[in-house]
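K.L.:
show me how the following folds:
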Amino acid sequence: MTTWGAVPEEARRIHYGEQVARDIYGEASAEEAAALGEEGITVQPLPWFTRRNG
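P.N.:
Next up, the predicted model:
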């Protein structure tokens, strides 16, 4: 299981063949996402909505 803070590291492990290829999601800073892109790792930002009650 991937924890939220480990998403960039897990993406690298998958990209370099150290883990089984699969889709993952989680949070990464803009700097982390840019660094992944520079390594050729595809990232896709998703909209984040806050939950409203009522």
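K.L.:
all contacts plus neighbour counts: C-alpha atoms, from now on.
P.N.:
Noted.
K.L.:
show me the shaky parts of the chain.
P.N.:
Using pLDDT under 70 as the threshold, the predicted model of the chain has low-confidence ranges 1-5, 54.
K.L.:
buried residues in stretch 31-44?
P.N.:
Using 16 or more other CA atoms under 10 Å as the test for burial, stretch 31-44 gives 33, 36, 41.
K.L.:
out of the residues you listed, which comes closest to Pro47?
P.N.:
Ala33 (14.8 Å; CA to CA).
K.L.:
quick one, phi psi at that closest one?
P.N.:
Note on Ala33: its backbone torsions stand at phi -60, psi -40 [degrees, to the nearest 10].
K.L.:
that one contacts Val43, correct?
P.N.:
Yes: proximity of Ala33 to Val43 meets the contact threshold set by CA atoms under 8 Å, at 6.7 Å.
K.L.:
overlap in contacts, the two.
P.N.:
Contact with both Ala33 and Val43 is made by no residue, according to CA atoms under 8 Å, 6 or more residues apart in numbering.
K.L.:
now do the contacts for the most centrally placed residue in the chain.
P.N.:
Centrality entry for the chain: nearest residue to the mean C-alpha point is Val7, 4.5 Å, by CA atoms, centre = their mean. When the contact criterion is CA under 8 Å, 6+ apart, the partners of Val7 are 24-28.
K.L.:
hey, where'd the strands end up in this structure?
P.N.:
Assigned by DSSP state E, the strands in the chain number zero.
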